[in-house]
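Asks: next come a sequence and a model predicted from it.
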Amino acid sequence: MENGSNTYDGPVLECRDLCISYFTRAGEIPAVIDFNMTLHQGESIGLVGESGCGKSTVAMAIMQYLGKNGAIVGGQVLYKGRDLSTLSPEELRQLRGNEISMVYQEPMASLNPSMTLGRQLMEVPLCHENISEKEAYERARQILADVKLPDPERVMAAYPHQISGGQQQRVVIAMALLSNPSLLLLDEPTTALDVTVEAGIVELIGEIAGRFNTSMVYISHNLGLILATCNRVNVMYSGVVVEHGSVSEVFDHMRHPYTKGLFGCIPLPGADKTARPLVPIRGQLPLPHQRPQGCYFGPRCDFFQAGTCDQEGLHMTEVPNEPGHSVRCRRWQQIDWDSYNPEGVGASEMEAGEVVLSIDNMKKYYEVTDNSIAAMVKGNRVRHVKANESISFDARACETVAIVGESGCGKSTFAKVLMGLETATEGKVVFNGKDISQEEVQNRSPEQIGSMQMVFQNPFDTLNPSHTVGSQLARVIRKFGVHTDKDKVEARVMELLDLVKLPREFARRRPRQLSGGQKQRVGIARAFAGNPSTVVADEPVSALDVSVQAAVTGLLMDIQKTYRTTLLFISHDLSLVRYLADRVVVMYLGNIVEQGTTDEVFTPPYHPYTEALLSAVPIADTSIEKKRIILEGNLPSVTNPPTGCPFNTRCPRKIGDVCETQAPPVYEPSPGHQIACHLSVETFQEMQPVIVQPDEPASPAAE
Amino acid sequence: MTDQAISSMRREPAILRLIKGAALIRESWVGMVGLGIIVFWAVVALLADVIAPFPPNATGAPMTLPGGPALDGSGTHWLGTDQLGRDILSRIIHGSRQVLLYAPLATLCAYAVGIPMGLAAGYRRGLTDDVLSFIANVILSFPVLVLYIIIIATIGASGINIIIAVTFASAPGIMRIVRGLVLDLRNREYVFAAETRGESAWRIMLVEILPNARGPLIVDGCLRLGYVIITIGTLGFLGLGLPPPDPDWGKMITEARAFIQFMPHMAIFPCIAISSLVLGFNLLADGLREVSLRD
């Protein structure tokens, strides 16, 4: 390269007035407008924003990977002073993967399933540098050790499917670092991973900049992750940067109403569903061809002023006395944040009623027949997968019980047994006074089915794309025998749409005409069609953007209050669980490891797994101090679970053989708070809180 | 979805939506060419009695070259005559009726059998799947031509029997496609939602799953129509097609085979007719796929 990385000392990456458009059937769609960014050696910048704000498009433009229908229509991308758009394809190929590397969201999709990982890693130096196979192997092995993969030799010989998702992402990061790039682009690198695995990756990313002196662009929708990994941050909204500054400036003294709104939407430790509820941002992200004139955030902004905010020519302005902190708002100096007190969507305190659902020692085993010849010879053809082991807890009317756990903890199986898609192997599930553990859904009465319904996770999958919203709701109403007369059914459909605060004409729409949050609202309406006494919500908001998340959770709590419904809230998001649950059940590998009220579970004593989970959750609050506990190892397979305590293979507090041989006893520090662990009472009593808040728990929104 | 209770909540009738969806083909010129060819043949078949210059079975001078005059001076044999003196153009025009009647009918029947089999195999899995897939594999392992000859030779040559033979031979392939699509669609949350409200298995298969598989099936249907046209032609060629004397493209080619060295036009024009229609359906399928993959 003409500019050797040793002699060049300017910024590694510079985007100047970058404008990117996509060209589609509907014409030119501007995806990113007027984007400026300067990234120096060893620095990391976060790009944060909701889906569709253009953050990934920026990364693609830096890589010059915009595809057939995308193009840079204005401005420049300068890499070490060279305009990337002037480079030939050959020069670009030399740059990509060598000086600029990228890590994508799905590790499995980034790795070639038919090559060993070692081969794939070695390809990078072999392709870009003139070195021997042996040297390449050594380099690859070393980099695997650097990203803290245990047993690098074994990983080198393995195929991608033979290692876990977290390890795969480590390999992808290793591959990106292999050529010692000056610039690393990370596009939601942990979104597909479990939270305890994510914590490990985030720690690794945090170390990279220091160890390899790499500059990073970190793209995420999660403010907490940005805080953990970046020095500076760009907040994007609908294709433009609305606020830019150092992480502490933006997180503690944000100036733009959108940034403020974002922080109001996320359940920080100080939030409380009754005292300090979340504040959703009203409205929704405008489509690129429907952006309003002037400030794109205008229609959703509480400080919108006609005549000022709807004028063209809005630029970033520097905040005085805070160099590097700039904001794209005409009125930021006039906004008085102290007297700003938006109305949140919370719930009033409710008295829990009688027990509606009582699960007693429920077990669900699956039989797996092994048809291999080896198994036939040995005679052990049938193996048991213990998806749920001794589940016991109660849920009362009007109560929100959160079931927390990572993938593979058995929460989906549990939901299937409740809904009657599977029958329990042992134990009882008493619902409204009747044991339903052996009742398949076909044998349940319409009232029984209607009184326990489910809200699903994926908004793009929850509604049938072939039928209108109205017809799908109508079907449920008739199926549950609520109404059969067609006028009454229609009236009820309208009622349900009102309930979830959607316009009535949505009945005629098809799911593809709805946004993710709107689809999820229809999903909630569908679950409440039969006046259920219990609703199982399986990660209902995890696929939604944060501003929408707050609105949907608020809605869910609101309906719950109206109907006095029991809500079983299945989630991996501990911040959200802390915010809305009354009681929490923590599951690991099919076992309940801890349960109690939300306060009991979130304060010491903890089960070691709960402690690790709490420490892993990224929190977007600069004042909070967390203990760092990174879990080692992988989630064991359910077909071959560890003996004794299920958590013993990864437990940072393991005391010895007793953990491997004996099932843990239940320690009950207070009535109802149960921890299944071998630790001594003294150890439990000495436990310190994982999350330490400053004495005055000031929400970062209030300065 | 023939539900009247919700009809008032619908935006527009299904027919209208179908036409609107079909109108998207305008955006693919390949598809438009295909559609043009098909529409051309459809018009020819409809107006056969009007536009054919001669009755299809009327005889004149045998083996007239293309453009030669009719014996009685009543017109011109634009594409010549065959060994019995029948006008080839008129026979092709009338023959299109047979093809455009039996090919779609046979394809529809094949789908009517293949779709339920595929739905059952893909949705129920387990033993149902094993049995149905085994039957399909056995049928697919026969060479198709041998299968046709056996079927037609056993039950005789007639229009209905062609449909039966095509259904028997094509349904397993359709079943496999549907099964593959269902295996993916059955894991969607809306299917799970239908299960948790206790819907019957057939309702889930037909109302929740099948409509979402329609895109690939429509494309496959167009391609398959092309194959069926070739099949009907082949059966005619083998003498297993429609009984004489009605004109049949395949049979015209067989009859012309003996004279192909000195009277090639007798074989060439029916061949062009078959291949143009098949090409039309293939291009339409390509166009539909192209349009459906966009945006």
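Replies: Structure's in. What do you need? Numbering: from 1, shown residues only, chains lettered A, B, ... in the order given.

Asks: going forward, measure contacts between C-alpha atoms and count neighbours the same way
Replies: Noted.

Asks: what packs against the one helix or strand A:Met156 maps to?
Replies: Following DSSP states H and E, one finds A:Met156 within helix A:152-157. Counting contacts by 3 or more Cα pairs under 8 Å, 6 or more residues apart in numbering or on different chains; DSSP states H and E, helix A:152-157 is packed against helix A:117-128, helix A:133-146.

Asks: after it, next one along is what?
Replies: Proceeding N to C from helix A:152-157, the next assigned helix or strand is helix A:165-177, under DSSP H and E.

Asks: contacts for the helix or strand just after that next one, please.
Replies: Sequence-wise, the next helix or strand beyond helix A:165-177 is strand A:183-187, with elements assigned using DSSP H and E. Among residues not part of strand A:183-187, those counted as contacts by Cα atoms under 8 Å, 6 or more residues apart in numbering or on different chains are A:12-13, A:56, A:59, A:99-105, A:176-177, A:214-220.

Asks: next one: the helix or strand following strand A:183-187 to chain centre, how far?
Replies: For strand A:183-187, the following helix or strand on the C-terminal side (DSSP H and E) is helix A:195-212. Computed by Cα atoms, centre = their mean, to the nearest Å, the chain-centroid distance of helix A:195-212 equals 17 Å.

Asks: helices and strands around whatever helix or strand comes next after helix A:195-212, which ones?
Replies: Sequence-wise, the next helix or strand downstream of helix A:195-212 (DSSP H and E) is strand A:215-220. Counting contacts by 3+ Cα pairs under 8 Å, 6+ apart, the secondary-structure elements packed against strand A:215-220 are strand A:44-48, strand A:183-187, helix A:223-229.

Asks: next one: strand A:215-220 to chain centre, how far?
Replies: The chain centre lies 17 Å from the centre of strand A:215-220; the measure is Cα atoms, centre = their mean.

Asks: out of the helices and strands packed on helix A:152-157, nearest to chain B?
Replies: Closest approach to chain B among the helices and strands packed on helix A:152-157 (Cα to the nearest Cα): helix A:117-128, 28.8 Å.

Asks: thinking again about what came up before, and the helices and strands packed on helix A:152-157 as a markdown table, adding distance to chain B, mean neighbour count and mean pLDDT?
Replies: Written out in a markdown table, the entries for the helices and strands packed on helix A:152-157 read as follows (distance: least, Cα to the nearest Cα, whole Å; neighbours: other Cα atoms under 10 Å in any protein chain shown; pLDDT from 0 to 100):
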| stretch | distance to chain B | mean neighbour count | mean pLDDT |
| --- | --- | --- | --- |
| helix A:117-128 | 29 | 20 | 88 |
| helix A:133-146 | 36 | 18 | 89 |
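
Asks: buried stuff in stretch A:645-655?
Replies: Within stretch A:645-655, the residues scored as buried using 16 or more other Cα atoms under 10 Å in any protein chain shown are A:Cys645, A:Pro646, A:Phe647, A:Asn648, A:Thr649, A:Arg650, A:Cys651, A:Pro652, A:Lys654.

Asks: pLDDT and distance to A:Thr639 for these - can I get that in JSON lines?
Replies: Formatted as JSON lines, the entries for the buried residues of stretch A:645-655 read as follows, by pLDDT from 0 to 100; distance: Cα to Cα, whole Å:
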{"residue": "A:Cys645", "pLDDT": "88", "distance to A:Thr639": "15"}
{"residue": "A:Pro646", "pLDDT": "87", "distance to A:Thr639": "12"}
{"residue": "A:Phe647", "pLDDT": "88", "distance to A:Thr639": "15"}
{"residue": "A:Asn648", "pLDDT": "87", "distance to A:Thr639": "16"}
{"residue": "A:Thr649", "pLDDT": "86", "distance to A:Thr639": "15"}
{"residue": "A:Arg650", "pLDDT": "86", "distance to A:Thr639": "17"}
{"residue": "A:Cys651", "pLDDT": "88", "distance to A:Thr639": "20"}
{"residue": "A:Pro652", "pLDDT": "87", "distance to A:Thr639": "23"}
{"residue": "A:Lys654", "pLDDT": "86", "distance to A:Thr639": "23"}
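
Asks: now, which of those residues lie within strands?
Replies: The subset of these located in strands under the criterion DSSP state E is empty.

Asks: JSON lines for the helices and strands packed on strand A:215-220, including mean pLDDT and mean neighbour count?
Replies: Listed next are the helices and strands packed on strand A:215-220 as JSON lines, based on pLDDT from 0 to 100; neighbours: other Cα atoms under 10 Å in any protein chain shown:
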{"stretch": "strand A:44-48", "mean pLDDT": "91", "mean neighbour count": "26"}
{"stretch": "strand A:183-187", "mean pLDDT": "89", "mean neighbour count": "25"}
{"stretch": "helix A:223-229", "mean pLDDT": "87", "mean neighbour count": "22"}
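
Asks: nearest to B:Pro69, of the ones you listed?
Replies: Ranking the helices and strands packed on strand A:215-220 by distance to B:Pro69, with Cα to Cα as the measure, places strand A:183-187 first at 75.9 Å.

Asks: direction included, what does the closest one pair up with?
Replies: As defined by DSSP bridges, the strand partners of strand A:183-187 come to strand A:100-103 (parallel), strand A:215-220 (parallel).

Asks: what's the most buried one of these?
Replies: Among the strands paired with strand A:183-187, judged by mean count of other Cα atoms under 10 Å in any protein chain shown, the one packed with the most neighbours on average is strand A:215-220 (a mean of 26).

Asks: ok but B:Ser90 is inside a helix, no?
Replies: Yes. The assignment for B:Ser90 by DSSP: H, G, I helix; E, B strand; the rest coil puts it in a helix.

Asks: up against chain B, what does chain A have?
Replies: On the criterion Cα under 8 Å from any Cα of the partner chain, chain B has as its neighbours in chain A the residues A:24-25, A:419-421, A:441-442, A:449-450, A:453-454, A:456, A:458, A:461-466, A:468, A:470-471, A:474, A:476, A:479-480, A:485-487, A:489-490, A:507-509.

Asks: if we only consider the buried residues of stretch A:645-655, which is nearest to chain B?
Replies: Nearest to chain B, judged by Cα to the nearest Cα, of the buried residues of stretch A:645-655 is A:Pro646 at 29.2 Å.
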